[in-house]
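Participant: Prediction below, plus the sequence it came from.
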2 protein chains.
Amino acid sequence: MSLIVKQGKVKSKSKKSLFNDITSLSEIGEFGLIDRVAQLFREGEEDNRLGIGDDCAVLPSGDGSSLLVTTDMLIENRHFRMDWIDPEDLGYKALAVNISDISAMGGAPEFAFLSLGLHSDISTEWLDRFFRGTRELSAIHDIKLMGGDTTKSPSDMVISYTLLGLMDQSKVLLRSGARPGDKIALLGKVGESGAGLKLLAEKELNGNSKYQSLVKAHNRPKLFVREAQYLAEFNAVHSMIDLSDGIQSDARHIANRSGAELIIDLDLLPLSSTLTGFCNEYSCSATELALTSGEDYGLLFTLSGEKAGIIRKQFTEQFGYSFHLIGEVAEGDPAVNYTKKGRPFKIEKQGFDHFKTK
Amino acid sequence: MSLIVKQGKVKSKSKKSLFNDITSLSEIGEFGLIDRVAQLFREGEEDNRLGIGDDCAVLPSGDGSSLLVTTDMLIENRHFRMDWIDPEDLGYKALAVNISDISAMGGAPEFAFLSLGLHSDISTEWLDRFFRGTRELSAIHDIKLMGGDTTKSPSDMVISYTLLGLMDQSKVLLRSGARPGDKIALLGKVGESGAGLKLLAEKELNGNSKYQSLVKAHNRPKLFVREAQYLAEFNAVHSMIDLSDGIQSDARHIANRSGAELIIDLDLLPLSSTLTGFCNEYSCSATELALTSGEDYGLLFTLSGEKAGIIRKQFTEQFGYSFHLIGEVAEGDPAVNYTKKGRPFKIEKQGFDHFKTK
């Protein structure tokens, strides 16, 4: 979920225009648009709902539980290409990216609403395969499809899910919870989805079967719902976000919302041998892919430095594998900084922004 | 909301394919697709949630209140054209069609989630005006925009709202509540939106300022939120639907879900003098527009025949105007039948179906 509304009272400079000081959307980018819409809608309003501006909106129900709501829209030729992804994988992924938002709060997905804009000549075979992929994932998580909307789309296909989840309000993991002294932890692989996208984009690489696991990482991302629910049980786990836009962009959300500096040690990034092999063969930087390419859908979270070791041990006992500790939260201006071989390291490339990048 | 999931256990003929007996989507249409997806997702599952397959999904919260959820997606060149609607009206209408679904249950809209697929060259002036129209309507109903998603769309713009509402569970008005002996009631104008669309489509008529109220009926539909909440307080009001696809199609939903025959007296349809004037001038049938053109967003409901008179009187005292009684619910096979001058009357044209009509 990206169109986010700030918590609390937001002061607006102008009641007349959202955009009186800029001339084009690309100038302010996606997050700039978000901030401006938030101003318009929340002007003068106090708010005590949690999680606004997070992966999900969090609506307390009054009995100690909270309703989580997220929505993600995929548009053909923007988020997917029909010749780059099987219908099964597309059905799977469109739901998966929404489940990832729910799990980033530590919640359980419950009810799905699906809006589809379909080509009028879409084959029933394609639809069958699409829904088979969706059903496969919804069955794993016992998600009920409760409604939606279908229509013909004159050009690009549109797949828009809204997903509702539930969880104890006291356990909700927000982006804003990181504290100085926390360790930064990473669950899941990074950079693989971006490498998979490169493979898909370059037809001559596409046939290289050695790296099909990277394509799979892009088309059928692994989710961590049970793991996130487990982590949310610990008071010592303080903040969480899912990696949809790349570590660089997503870690910045935690830094900004928590008002803290995040320092990530690039030597600690878990780069798989498949990814480094791919990058050696095709001259790309595995670190850069991990930081900026997005769509990995792992979880980035922070937890008490004192408790990190014991929680990591318990996690391993529970799941048979564990998360990686890749940095620390420090007092300082909200920013994400990097070290490599013990020294500060500057990253040039920016994370993904829908209106600033091509 | 159109992609609906049937209540209760649904038997599926085949677990392998949604579409094993048909070859194209246009063959089964939108509602056929809906039924098939419902089969796939609900197979073997018992369900006690209300309102599934209705204007909204109804999720009981356990304390006597229910969460209503609806979602509607508008795609450029399918549901709107940029040269036929002002940005303000588009911002207004995109939210209005969702509010209409909430009001069709008798509920109050509360939280909105907006996903936008935007042209990358969209002007900030256009966005300003779009959000001003949205904000105008959300302020009237005190709706909070809680989140969403923004992305670039390579071709057509996409506007997808999900709207959450709340109401007493015991007062939810379903499509399935119509009973033999009920009167059929209509709140709001009918046919005007369809006439407005004709005006927009025919450039030479467009300039006819006499009929601009018809264009307004199409671009900025009137809503009946307070009226529907008022009606939901009466036990004698039994069923309700909003008129999004035309009386013919929407009345059929009540007939099918209630297992009853709806008999509508065409002489009782409230056709405005503006509409009949337009139809006289441009040789169209006002009755046909009212029955089949859709997007009027009035409310069609049924209420006890015995109480209809007194409720209508009280409604008039409350709001200063009233609804129209246009027919009766009878025992019989689920169908919508018509009379004119006391005799049965056949309607040829069908209501709108996204995949069956051009």
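Facilitator: That came in fine, so what should we check first?
Participant: Need the pLDDT of the spatially most central residue of chain A.
Facilitator: The residue lying closest to the centre of chain A (Cα atoms, centre = their mean) is A:Ser244, at 3.0 Å. Looking at A:Ser244, its pLDDT reads 94.
Participant: what about chain A, any weak spots by pLDDT?
Facilitator: The model of chain A has pLDDT under 70 over residues A:1-32, A:34-36, A:38-53, A:204-207, A:349-358.
Participant: Show me where it has its helices.
Facilitator: A:25-42, A:87-103, A:124-140, A:192-201, A:203-206, A:212-219, A:225-232, A:247-258, A:273-282, A:286-292, A:308-319 (DSSP state H).
Participant: What residues of the third one count as buried?
Facilitator: Same thing as helix A:124-140. A:124, A:126-135, A:137-138 (16 or more other Cβ atoms under 10 Å in any protein chain shown). Where C-beta positions appear, they are placed from N, C-alpha and C, glycine not excepted.
Participant: roughly how far is it from the heart of the chain?
Facilitator: Relative to the chain's own centre, helix A:124-140 is displaced by 22 Å; criterion: Cα atoms, centre = their mean, to the nearest Å.
Participant: pretty sure the residue nearest to the centre of chain A contacts A:Gly294?
Facilitator: Yes. Shown here, A:Ser244 and A:Gly294 form a contact pair, counting by Cβ atoms under 8 Å, at 6.0 Å.
Participant: Domain-wise, how is chain A divided?
Facilitator: The record's domain split for chain A, according to automatic domain parsing, is A:1-48, A:60-170, A:174-345.
Participant: roughly how far apart are the closest residue to A:Pro221 other than its chain neighbours and B:Glu76?
Facilitator: Nearest residue to A:Pro221, sequence neighbours excluded (Cβ to Cβ, 6 or more residues apart in numbering or on different chains): A:Tyr297, at 4.0 Å. Distance of A:Tyr297 to B:Glu76, given as Cβ to Cβ, to the nearest Å: 30 Å.
Participant: Likewise for A:Ser138?
Facilitator: Taken as Cβ to Cβ, the span from A:Ser138 to B:Glu76 is 30 Å.
Participant: ok, now A:Thr339?
Facilitator: As judged by Cβ to Cβ, A:Thr339 and B:Glu76 stand 47 Å apart.
Participant: So between the two, which is more surrounded?
Facilitator: When A:Thr339 and B:Glu76 are compared for neighbours, B:Glu76 comes out ahead with 20 against 16, by other Cβ atoms under 10 Å in any protein chain shown.
Participant: For that one, which residues count as its bridge partners?
Facilitator: With DSSP bridges as the criterion, B:Glu76 is bridged to B:Phe80.
Participant: Contact partners for it?
Facilitator: A:154, B:82, B:156-158 (Cβ atoms under 8 Å, 6 or more residues apart in numbering or on different chains).
Participant: who wins for most neighbours among these?
Facilitator: Note: the member of those with the most neighbours is B:Val158, at 25 neighbours, neighbours being other Cβ under 10 Å.
Participant: Could you measure from the nearest residue to that residue once chain neighbours are set aside over to B:Asp72?
Facilitator: Excluding its sequence neighbours, the residue lying closest to B:Val158 (Cβ to Cβ, 6+ apart) is B:Gly117, at 3.5 Å. Look at B:Gly117 and B:Asp72: by Cβ to Cβ, they are 15 Å apart.
Participant: So these two - more neighbours on which side?
Facilitator: Shown here are B:Gly117 and B:Asp72; by other Cβ under 10 Å, B:Gly117 has more neighbours (29 against 25).
Participant: Keep only those of the buried residues of helix A:124-140 that are also close to chain B.
Facilitator: By Cβ under 8 Å from any Cβ of the partner chain, the members of the buried residues of helix A:124-140 lying near chain B are A:124, A:127-128, A:131, A:135, A:138.
Participant: can you put these in TSV and add distance to B:Val215?
Facilitator: TSV is the format used below for those (distance: Cβ to Cβ, whole Å):
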residue	distance to B:Val215
A:Thr124	38
A:Leu127	36
A:Asp128	42
A:Phe131	39
A:Arg135	43
A:Ser138	42
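Participant: Quick one: name the residues of the stretch 201-350 of chain A near chain B.
Facilitator: Neighbours of chain B within the stretch 201-350 of chain A, by Cβ under 8 Å from any Cβ: none found.
Participant: Of all the residues in the stretch 201-350 of chain A, which one is nearest chain B?
Facilitator: A:Ser244 (10.6 Å; Cβ to the nearest Cβ).
Participant: what residues are up against that residue?
Facilitator: By Cβ under 8 Å, 6+ apart, A:Ser244 lies in contact with A:97, A:100, A:250, A:294-295, A:297.
Participant: Who wins on neighbours among these?
Facilitator: Busiest of the contacts of A:Ser244 [other Cβ under 10 Å] is A:Ser100, holding 29 neighbours.
Participant: Just to check, it is in contact with A:Asp242?
Facilitator: Yes. With contact defined as Cβ under 8 Å, A:Ser100 reaches A:Asp242; the gap is 4.4 Å.
Participant: overlap in contacts of those two?
Facilitator: Both A:Ser100 and A:Asp242 are contacted by A:55, A:297, under the criterion Cβ under 8 Å, 6+ apart.
Participant: show me the contacts for A:Glu88.
Facilitator: Counting by Cβ under 8 Å, 6+ apart, A:Glu88 touches A:129-130, A:132-133, A:136.
Participant: change it to 7 Å
Facilitator: A:129, A:132-133 (Cβ atoms under 7 Å, 6 or more residues apart in numbering or on different chains).
Participant: of these, closest to chain B?
Facilitator: Taking those together and measuring to chain B by Cβ to the nearest Cβ, the closest member is A:Arg132, at 8.0 Å.
Participant: Please name the nearest non-neighbouring residue to the closest one.
Facilitator: Spatially, and ignoring its direct neighbours in sequence, A:Arg132 is nearest to A:Glu88 (5.6 Å; Cβ to Cβ, 6+ apart).
Participant: try A:Ala330
Facilitator: Distances taken as Cβ to Cβ, 6+ apart place A:Glu261 nearest to A:Ala330, at 4.6 Å, with adjacent residues excluded.
Participant: for the one you found, what are its contacts?
Facilitator: Contact analysis of A:Glu261 by Cβ under 7 Å, 6+ apart lists A:255, A:330-335, A:337.
Participant: Please produce a PyMOL select command covering the buried subset of those.
Facilitator: Selection of buried members from the contacts of A:Glu261 for PyMOL, criterion 16+ other Cβ under 10 Å:
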select buried, chain A and resi 255+334+337
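Participant: so which two of the contacts of A:Glu261 are the farthest from each other?
Facilitator: Within the contacts of A:Glu261, A:Glu331 and A:Asn337 form the most distant pair, 12.8 Å apart (Cβ to Cβ).
Participant: How much space separates A:Ser293 from A:Thr287?
Facilitator: As judged by Cβ to Cβ, A:Ser293 and A:Thr287 stand 11 Å apart.
Participant: who has more neighbours, these two?
Facilitator: More crowded of A:Ser293 and A:Thr287, by other Cβ under 10 Å: A:Ser293, with 27 against 22.
Participant: Give me the number of neighbouring residues for the residue nearest to A:Val190 when sequence neighbours are not counted.
Facilitator: Spatial nearest neighbour of A:Val190, chain neighbours left out: A:Ala290 (3.9 Å); criterion: Cβ to Cβ, 6+ apart. A:Ala290 has 29 neighbours, counted by other Cβ under 10 Å.
Participant: A:Ala290 reaches A:Asp250, doesn't it?
Facilitator: No. Counting by Cβ atoms under 7 Å, A:Ala290 stays clear of A:Asp250, with 11.5 Å between them.
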